[in-house]
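In: Give me a model of this one.
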Amino acid sequence: MIKPHWIIIFTILLTATSCNDDIFTDRTTPTQNEITIDGDGGSHTIKIQTKGLQWIGIDTYGGNPGITCYDKTGSIIPPESPASETARINLTSPLAIFDIYINGNKLTFHSTENVTNQSNHISIRLEYEHTLEFINVYTSPGKPQQLSEFEYAMEQISVDNNAKTDISANTYTNKGGMPMRAELLPYIGQQAWVELEPEYSFANYINISVPLPTHSDGKWILSDEKQIMTASKRYYMPDAVDRMFKVPIEVPPYSTIKATCRITYSKAVVPFKMTIINPVSGRQFTTRGTCTATEPVNYDISLQNTK
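Out: Numbering: from 1, shown residues only. Next comes the predicted model:
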């Protein structure tokens, strides 16, 4: 008489277990959520859960780097369009081209180019009815940008021949009864610097070889080509300045001389225009900018007998 009750209970347990299995089949976790692809031409495909998927997009963290969405016919659609209508999401900036292709339950990530010198991080967000999923795609550095054209507007140069004065002092003591000869090196410890500052950040931190302004024979001219990274100062000693140049100083007997050296710097500011090319896509971008150069051009030494 008891057996029928056990059969009913067992049947209920089986039914409950079957319902729980149905719940777990609706997992939204993609097959991969951390992916690295080649920045120049790399691709990778993963599978996602499409049930309950409402929207697919790229997190831009406060900016819009140029995102365009397309439907299956190739027509542009609003970025807030539902996932069911979105077939491709394109991210294009002067530094990168990246695409997401949506085909059923498959997402294909493709990087056309990444001209930066570091890995790019793209965060893809999947919005479901009751949860969010994130996929992090990293594109490795590709071929860097190259210089196509560079031109200064030397007719617009601005010069300040008293831009900076560097002051140093040395003390010389003669304890003997005969004059003592000493030497002072005014340019020791001095250095010049130059910087190319593009107007737009896409041209920052590119290694190029161009002539640079330099002070020679009382005026600013252009040097031979030098290696420089844009948006970064290049320190050097000008060819016209001898770092080991010595000035003789005579110290009288039984005296102490304080030698004060003043180094005068000249500064030149020159506008420029540059065009860079992305080697994979062939895209070209032009920006204007400012070149600032500062060099030591003169010295003055004053002597004071302190004893």
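In: show me where pLDDT drops low in this structure?
Out: 1-26, 60-65 (pLDDT under 70).
In: what domains does the record give for it?
Out: 28-139, 146-305 (automatic domain parsing).
In: how about the helices in this protein?
Out: 3-24 (DSSP state H).
In: quick one, what contacts residue 286?
Out: Contact analysis of residue 286 by C-beta atoms under 8 Å, 6 or more residues apart in numbering lists 149, 273-276. Where you see a C-beta, it was placed from the backbone N, CA and C, and this is true even at glycine.
In: Would you mind checking which of those residues is nearest to residue 104?
Out: Checking the contacts of residue 286 against residue 104 with C-beta to C-beta, the nearest one is residue 276 at 39.5 Å.
In: My guess is that closest one contacts residue 205. True?
Out: No - using C-beta atoms under 8 Å, residue 276 makes no contact with residue 205, being 11.6 Å away.
In: Would you mark the buried spots in stretch 104-117?
Out: 107, 109-116 (16 or more other C-beta atoms under 10 Å).
In: picking that back up, the contacts of residue 286, buried ones only, as a ChimeraX selection?
Out: Command for ChimeraX that selects the buried part of these, burial taken from 16+ other C-beta under 10 Å:
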select :274,276
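In: Specify which member of the contacts of residue 286 is nearest to residue 166.
Out: residue 274 (31.6 Å).
In: Now that closest one: closest residue in space that isn't a chain neighbour?
Out: residue 150 (4.8 Å; C-beta to C-beta, 6 or more residues apart in numbering).
In: do residue 163 as well
Out: Per C-beta to C-beta, 6+ apart, closest to residue 163 is residue 267, 3.6 Å.
In: which ones are touching the closest residue in space to residue 97 that isn't next to it in sequence?
Out: Closest residue to residue 97 apart from its sequence neighbours, by C-beta to C-beta, 6+ apart: residue 112 at 3.7 Å. Residues in contact with residue 112 (C-beta under 8 Å, 6+ apart) are 40-41, 96-99, 280-281.
In: switch to 7 Å and redo it
Out: When contacts are counted by C-beta atoms under 7 Å, 6 or more residues apart in numbering, residue 112 touches 41, 97, 280-281.
In: Also residue 151?
Out: 272-273.
In: go with 6 Å
Out: residue 273 (C-beta atoms under 6 Å, 6 or more residues apart in numbering).
In: From residue 94, how far out is the nearest residue to residue 225 once chain neighbours are set aside?
Out: Closest residue to residue 225 apart from its sequence neighbours, by C-beta to C-beta, 6+ apart: residue 209 at 4.7 Å. Residue 209 sits 21 Å away from residue 94, going by C-beta to C-beta, to the nearest Å.
In: Neighbour count: these two, which is higher?
Out: residue 94 (19 against 12; other C-beta atoms under 10 Å).
In: Residue 277 is in contact with residue 148, isn't it?
Out: Yes - counting by C-beta atoms under 6 Å, residue 277 touches residue 148, with 4.6 Å between them.
In: For these two, indicate the residue with more neighbours.
Out: Set side by side, residue 277 and residue 148 show more neighbours around residue 277, with 16 against 12, by other C-beta under 10 Å.
In: what's near enough to touch the more buried one?
Out: 146, 148, 284.
In: Residue 189: which of the residues you listed is nearest?
Out: residue 146 (37.0 Å).
In: what number of residues lie near that closest one?
Out: 13.
In: Next, the contact list for it, please.
Out: Contacts of residue 146 by C-beta under 6 Å, 6+ apart are 277, 279.
In: And residue 100, by the same measure?
Out: Counting by C-beta under 6 Å, 6+ apart, residue 100 has contacts 89, 109.
In: And the closest residue to residue 279 other than its chain neighbours, how far from residue 285?
Out: Counting by C-beta to C-beta, 6+ apart, residue 279 lies nearest to residue 143, which is 4.6 Å off, once chain neighbours are set aside. If you measure residue 143 against residue 285 using C-beta to C-beta, the figure is 15 Å.
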